[in-house]
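Undergrad: Show me the folded form of this:
(2 chains)
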Amino acid sequence: MGSDWASWLGPAEWQAVRLSIRVSFWATLASLPLGIFVAYALARWDFWGKQVLNGIVHLPLILPPVVTGYLLLITFGRRGPVGEFLDAWFGIVLSFRWTGAAVAAAIMAFPLMVRAIRLAIEAVDPKLEAAASTLGASRPWVFATVTLPLILPGIIAGSILAFAKAIGEFGATITFVSNIPGQTQTIPSAIYAFLQVPGGQDSATRLVIIAIIIAMAALLLSEYLARRVAKRVAGS
Amino acid sequence: MSLRIKVQHGFAGFDLDVDIDLPHGVSVLFGPSGSGKTTLINAVAGLLRPDHGRIAVDDWVLLDTTGRRNLAPHRRRIGYIFQDARLFPHLTVRQNLAYGRWFAPRDARVESMDRTVDLLGIGHLLARRPGTLSGGEKQRVAIGRALLSGPRLILADEPLAALDEARKAEILPYFERLRDEVAVPILYVSHASAEVARLATTVVALREGRVIACGPPAQVLGDVGVVGARGAASLLTARVVAHHADGLTELATGAGTLWLPRIGDAAGATLQVRIMAQDVILSRDRPVGLSALNILHGTISDLRLGDGPGAMVTLAVDEDRLSARITRRSVEAMGLAKGQTCHAVIKTVAVAPDDIGTGRPSPPSHD
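TA: As a prediction, this is how the structure comes out:
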């Protein structure tokens, strides 16, 4: 079975699929804690600059992806202020590396993740949290034992949405980290590259099929998980 | 031993200004909606910070705005029973019950899980989730959850208001058992005088943010200024003598025999019976040939003429007081005056089951 797959996909195509999954996985996982925090802040806290934060979070959804990619390049690129600092102090280089692709994917997927989690938090009755605090739970405990379990369906939905978005990210990625096979060439970049060369159409078609399968599987999985968790959370 | 609450808080509509010192037992905050009851109880729980105030259970200071002490809700050691139960939907009944206990300090006196489950009759629900429980079952679990957190004070905010009459009748006895069997003081919010009559050891009557009366239930519920002439009621202490085949229960009071529709309590039990003043008829001579079964005798201890056509006549009946709401015209025609003996006639069927509560211990005298 595995060898069938291996032979059905060429090595360059395989490389793109594996890279895409790795980039999207880490993009989703690494941005999740920050996503939950920002969603909680937007849903529950009143603070100065809340609308500005909200705007910044949602900006990648509205800006042309190329613009986001360019902004990443001038900040996180080797000569960019943040990129230079990361390189000098931690030896971390993002530009033209798969980690850079993950950063681009994470930023593009972030609004979707935050939106889903924020809706879930807003649906939690603050009265339940107040009840938990009268029973002796401090704020972090209330969050861990009441809020978090109740928003789990939203977290799952947001994560899978972010993962799917990250798989499909093209514009910001190619602008920021280019299109280097094995390093930054994810499925969309690979499809684009194959379409530029004569005879690449078959490879492109196979990758298109893979992309559809991954997207579909992600959606079905999220539906299934969310329904299971929702059932548990509804208390039946 | 007391709960001391001194709170001032300004709202758009009215100011809350309360200064009360409550003995242990069940203290009921009683008043119409908008009188400040829930605000007061939330201030005790720490869910609302009043402008000025000091709240202390014995020497445990929860809030002191002058001393800048304001304990966070989770440090107040309070078991709060909400009107809407607020069980955690993602946890089983057993996990809900254990929730507060997990956070209780090690030295806290926590009721045993088995005893609490028995007391509330929820043993068969432990594995279920709140979503599958009835309103009455949810409220019983909520009571257990509060109790098991090892609280120094239990707060209950109209815990029966969301329930229908049958469910209320199901829950009230559990609060009576809580009062009689658990040593934790209870602060209970209610606007239903039947509930107050059954549960309270002390009643605090609130109106528009002020305390208009504070004292034992027999006194406050008989106060026309608090409950209005139509709501005035008396509490008679009575002992169950026997249950009869015709569906009546015979009770002994200091003023004669009382016949009521059958009561569940066994012979020998001491009960408190609430009798509405407007259900009582007075007669100078012992009446004969009446359908009403209950004829009690007493001495007129108080007689107040109202501004309208009504008058409130109070009889001293053994240790208790029994009020009758009659017309001023009758007072004149009968020539009633303080110190006279008089007969009070009460229809058996005028007393509803929720008017009858188990006898409460009087507030401890050692405070």
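
Undergrad: which other helices and strands contact the helix or strand harbouring A:Asp202?
TA: In the assignment (DSSP states H and E), A:Asp202 maps to helix A:201-233. Where contact means 3 or more C-beta pairs under 8 Å, 6 or more residues apart in numbering or on different chains; DSSP states H and E, helix A:201-233 is packed against helix A:11-44, helix A:148-168, helix A:187-196. C-beta coordinates here come from the backbone N, C-alpha and C atoms, glycine included.

Undergrad: If I take the second one and helix A:201-233, what angle do their directions form?
TA: Regarding helix A:148-168 and helix A:201-233, their directions subtend 170 degrees when assessed with axes from the mean of the first three to the mean of the last three C-alpha atoms, to 10 degrees.

Undergrad: and helix A:148-168, anywhere near chain B?
TA: Yes: judged by C-beta under 8 Å from any C-beta of the partner chain, helix A:148-168 comes into contact with chain B at A:149-150.

Undergrad: Show me what counts as buried in the helix holding A:Asp202.
TA: A:203-204, A:206-207, A:210-211, A:214, A:218, A:222, A:225-226, A:229, A:232-233 (16 or more other C-beta atoms under 10 Å in any protein chain shown).

Undergrad: of those, closest to chain B?
TA: A:Val233 (4.8 Å; C-beta to the nearest C-beta).

Undergrad: biggest helix in chain B, by residue count?
TA: Assignment by DSSP state H gives helix B:165-181 as the longest helix of chain B.

Undergrad: Give the partner strands of the next helix or strand after it in its sheet and their orientations.
TA: Sequence-wise, the next helix or strand downstream of helix B:165-181 (DSSP H and E) is strand B:186-190. Strand pairing for strand B:186-190, using DSSP bridges, gives strand B:26-30 (parallel), strand B:153-157 (parallel).

Undergrad: Can you say which of the ones you listed is packed in most?
TA: Highest mean neighbour count of those: strand B:26-30, a mean of 28 (counted as mean count of other C-beta atoms under 10 Å in any protein chain shown).

Undergrad: Stretch B:74-81: which residues count as buried?
TA: B:74, B:76-81.

Undergrad: swap that for stretch B:109-116, please
TA: Per 16+ other C-beta under 10 Å, stretch B:109-116 contains these buried residues: B:110-111, B:113, B:116.

Undergrad: For that stretch, measure first residue to last.
TA: 13 Å (C-alpha to C-alpha, to the nearest Å).

Undergrad: And for it, what's in contact with it?
TA: B:97-98, B:101, B:104, B:144, B:147-150, B:182 (C-beta atoms under 8 Å, 6 or more residues apart in numbering or on different chains).

Undergrad: picking up where we left off before, I'd like the buried residues of helix A:201-233 as JSON lines, with distance to B:Asp246 appended.
TA: As requested, these are exported to JSON lines (distance: C-beta to C-beta, whole Å):
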{"residue": "A:Ser203", "distance to B:Asp246": "96"}
{"residue": "A:Ala204", "distance to B:Asp246": "94"}
{"residue": "A:Arg206", "distance to B:Asp246": "91"}
{"residue": "A:Leu207", "distance to B:Asp246": "90"}
{"residue": "A:Ile210", "distance to B:Asp246": "85"}
{"residue": "A:Ala211", "distance to B:Asp246": "84"}
{"residue": "A:Ile214", "distance to B:Asp246": "80"}
{"residue": "A:Ala218", "distance to B:Asp246": "74"}
{"residue": "A:Ser222", "distance to B:Asp246": "68"}
{"residue": "A:Leu225", "distance to B:Asp246": "64"}
{"residue": "A:Ala226", "distance to B:Asp246": "62"}
{"residue": "A:Val229", "distance to B:Asp246": "59"}
{"residue": "A:Arg232", "distance to B:Asp246": "54"}
{"residue": "A:Val233", "distance to B:Asp246": "54"}
